[in-house]
Every structure is written in structure tokens, then in C-alpha cells.
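Enquirer: this is a predicted model, with the sequence first.
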Amino acid sequence: MDMLINGTAVPATDEARIKVINPATGECIDTVPRGSGTDVNTAVDAADAAFGTWSEKTTRDRGLILFRAAELVRRDHKDLARLLTQEQGKPLKESIDEVRGCANILEYYASISGQPAGEAVHLGKAGDCLVTRVPLGVCGAIIPWNMPVIIMGWKLGPALLAGNTLVLKPASTTPLTNLRIAGLLQEAGLPHGVLNVVTGPGETVGAALVKHPRVKKISFTGDCATGHRIRQMAKDHLKTLTLELGGSDPMIVMADADISKAVDGALRGRFYNAGQVCTAVKRLYLHEKIAEEFM
């Protein structure tokens with residue numbers, strides 16, 4: 001599978017490709033290009049060129065495309081879920097839930113596309129002011145491997161609805177379903193250049209995206225150390241950053257809790273997606289009266 005830049009599949013040489021491995025079997029299920037800083041520049045150029053026309057559309061028009069994309073994701077949800085399980089390793093049931101969740105997210109943002117984009121604020125004797133919301137421009141999204149499909153929906157849904165254009169970098173281990181969904185967005189009517197997907201390592205593709213002077217915002221989901229590096233790299237251009245990093249999330253069980261439900265919640269909260277969730281339960285605090293029964 002190839003990168004998607006300006007609506008066109010962009011390959012790389014055989015020597016510059018990354019193998020996507022099925023973690024259950026160790027087999028290579030596909031390859032993707034090992035993108036470079038040059039590819040990021042090309043993608044940003046495409047996103048920049050598409051921004052003017054895309055941002056001038058009404059939110060309603062942009063929302064209709066997201067509605068159609070949600071329908072296409074639901075149409076293909078079984079195939080997308082099977083591909084997600086092959087590249088990521090999670091059980092098929094969880095992949096189906098994640099793909100359907102992505103469709104729900106796209107549909108949600110489409111559903112609010114008719115809401116006013118601004119508000120009038122009365123300033124007393126000073127008069128009135130009108131608050132308007134305008135898109136930033138070209139945005140960058142860096143996707144992790146643990147829940148790549150639903151996080152893709154979280155990042156691109158609001159960004160595209162607001163009139164931004166996007167360059168997305170998927171995790172090198174799980175890029176395939178992201179690329180398929182990008183193709184479905186294009187099928188839904190998303191203009192060329194509005195969404196571009198560049199595959200490749202974080203130290204080259206991710207760094208080039210963060211440092212690019214025409215990328216106005218970076219949304220990153222991943223580990224804290226990488227988040228710190230992104231913050232340092234982005235400071236020269238004063239980019240807007242959204243960093244969703246790892247947590248240290250406790251679960252507290254009080255004396256009056258329903259123990260059966262609490263135990264079930266602890267197991268699900270810790271082991272869902274093999275525990276690879278940023279909000280997974282990391283520690284348990286148990287009231288001394290129920291601690292023994294809980295354990």
C-alpha cells in the first residue's frame with residue numbers, strides 16, 4: 001500500500017519500504033513507503049494549496065462529506081476490522097468496535113456542522129463584539145499503533161470540519177487501515193490535498209512534520225518522552241500543540257462499592273486492548289474493609 005498525497009498514491013523504491021508484520025504469525029502482510037522529509041514537504045504543499053478552497057466551504061458542506069465517509073466506513077467495517085486485526089493484533093471483536101467507533105465519530109462531527117461558528121458578546125458600555133472561529137491552516141496529526149482507527153477519527157473529524165487541511169502520519173506498525181480510511185474519505189468527496197497520509201519513521205517523517213514552518217498545529221498521541229521532544233521541536237514556530245500522553249491512572253474502590261462490578265471494571269480497565277490504552281487502570285486503591293474480598 002502506498003502513501004496518499006494530493007489524492008494520489010505515492011510509492012517508494014523497493015529498498016525504501018517498511019514491512020507491516022502480522023504480530024500473531026510474524027508474516028509480512030504488506031509494505032508501505034519509508035517516507036522522507038521531501039514527502040512531508042510535498043504533502044504540506046498539497047494541503048496548503050487545498051486550504052483556500054476547503055476553508056471557504058460552509059461547515060455544512062464539509063459535514064456532508066464526513067457523513068458520507070461515515071456511511072462508507074460502516075459499509076466496509078468488516079474488511080477494515082479484519083485488516084486492523086492483521087496489522088495490530090487485537091481480537092476481531094475489538095477491531096469491529098473500533099472501526100464502528102470511528103464511523104460514529106465522523107458522524108458526530110458531521111451532526112454539529114450546522115451549529116453557529118461564532119457568538120455575539122455584549123461588553124456593556126464598550127459595545128458589542130463578535131467572536132468568530134476560523135481554521136488554522138495546515139495541521140499535522142501523529143497516530144499511535146494501539147488504537148489507530150478511532151484516534152484517526154478523533155483527530156481528523158474536528159480538524160476537517162473546522163476547515164483545516166491535514167497531513168497525517170500513522171504508526172509504522174499499523175498504517176494500513178489508516179490508509180484505507182483515507183481512501184474512503186476521498187471516495188466520499190473529500191477534495192484532493194485536504195487529507196494526506198505520509199508513512200515512515202517518527203525520527204524522519206514525524207520530525208519533519210513537527211518542524212515544518214507552514215504546519216500550524218500538531219496533534220500527537222503517544223509516549224511522554226516523544227511528547228517532550230515534539231514540544232522542543234515546535235517551539236521555534238510557536239505551533240499550537242495537543243499532546244495526548246501516557247497517564248498514571250488510579251482506580252479507587254470505596255467500602256460501599258458493588259465488589260463484583262468493581263472487579264469486572266478493574267479487569268476491563270486494565271486489560272482492554274492488552275492494557276495498551278493511555279487511560280488504562282495503572283494502580284488500585286482499595287478501602288481496607290473490602291480489600292481482602294476484592295483481591
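Expert: On my side now, so go ahead.
Enquirer: wait, what's in contact with Asn22?
Expert: Applying Cβ atoms under 8 Å, 6 or more residues apart in numbering, one finds that Asn22 lies in contact with Cys28, Ile29, Gln86, Glu87, Gly89. Glycine gets a C-beta too; all of them are placed from N, C-alpha and C.
Enquirer: the second one: which element?
Expert: Assigned by DSSP states H and E, Ile29 falls within strand 28-33.
Enquirer: strands paired with that strand, and their directions?
Expert: Sheet partners assigned to strand 28-33 using DSSP bridges are listed as strand 17-21 (antiparallel).
Enquirer: report the buried residues of the strand it pairs with.
Expert: Arg17, Ile18, Val20, Ile21 (16 or more other Cβ atoms under 10 Å).
Enquirer: quick one: average confidence on the strand holding Ile29?
Expert: The average pLDDT for strand 28-33 rounds to 96.
Enquirer: hang on, Leu195 packs against Leu4?
Expert: Yes. Assessed by Cβ atoms under 8 Å, Leu195 is found in contact with Leu4 at 7.4 Å.
Enquirer: give the intersection of the neighbour lists for these two.
Expert: Shared contacts of Leu195 and Leu4, counting by Cβ under 8 Å, 6+ apart, come down to Ala182, Gln186.
Enquirer: neighbour count for these two, which is higher?
Expert: Leu195 (29 against 24; other Cβ atoms under 10 Å).
Enquirer: distance of the more buried one relative to Glu27?
Expert: Distance, Leu195 to Glu27, by Cβ to Cβ, to the nearest Å: 30 Å.
Enquirer: determine which two of the contacts of Asn22 are furthest apart.
Expert: Using Cβ to Cβ, the two most remote members of the contacts of Asn22 are Cys28 and Gly89, lying 14.4 Å apart.
Enquirer: more neighbours: these two, which one.
Expert: Gly89 (19 against 11).
Enquirer: OK, contacts around the more buried one?
Expert: Gly89 neighbours (Cβ under 8 Å, 6+ apart): Asn22, Pro23, Ala24, Ala274.
Enquirer: closest to Asp256 out of these?
Expert: Distances from Asp256 to the contacts of Gly89, taken by Cβ to Cβ, are shortest for Ala274, at 31.7 Å.
Enquirer: so which strand or helix has the nearest residue to the closest one once chain neighbours are set aside?
Expert: Among residues not flanking Ala274 along the chain, Lys90 sits closest, at 7.2 Å (Cβ to Cβ, 6 or more residues apart in numbering). Here Lys90 sits in a region with no helix or strand, counting by DSSP H and E.
Enquirer: show me where this structure has its strands.
Expert: 3-5, 8-10, 17-21, 28-33, 118-122, 128-132, 138-142, 165-169, 195-197, 215-221, 240-244, 249-253, 281-286 (DSSP state E).
Enquirer: so what strands line up beside the lowest-mean-pLDDT helix or strand in the chain?
Expert: The least trusted helix or strand in the chain, going by mean pLDDT, DSSP states H and E, turns out to be strand 118-122, with a mean of 86. Applying DSSP bridges, strand 118-122 is found paired with strand 128-132 (antiparallel).
Enquirer: just the CA coordinates of the partner strand, formatted as PDB?
Expert: Presented in PDB, the C-alpha positions along strand 128-132 are these (Å, rounded to 0.1, in the frame of the first residue of the first chain):
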ATOM      1  CA  ASP A 128     -20.700  44.500  21.400                       C
ATOM      2  CA  CYS A 129     -18.100  42.200  19.900                       C
ATOM      3  CA  LEU A 130     -18.500  39.300  17.500                       C
ATOM      4  CA  VAL A 131     -16.400  36.200  18.200                       C
ATOM      5  CA  THR A 132     -15.700  34.200  15.100                       C
END
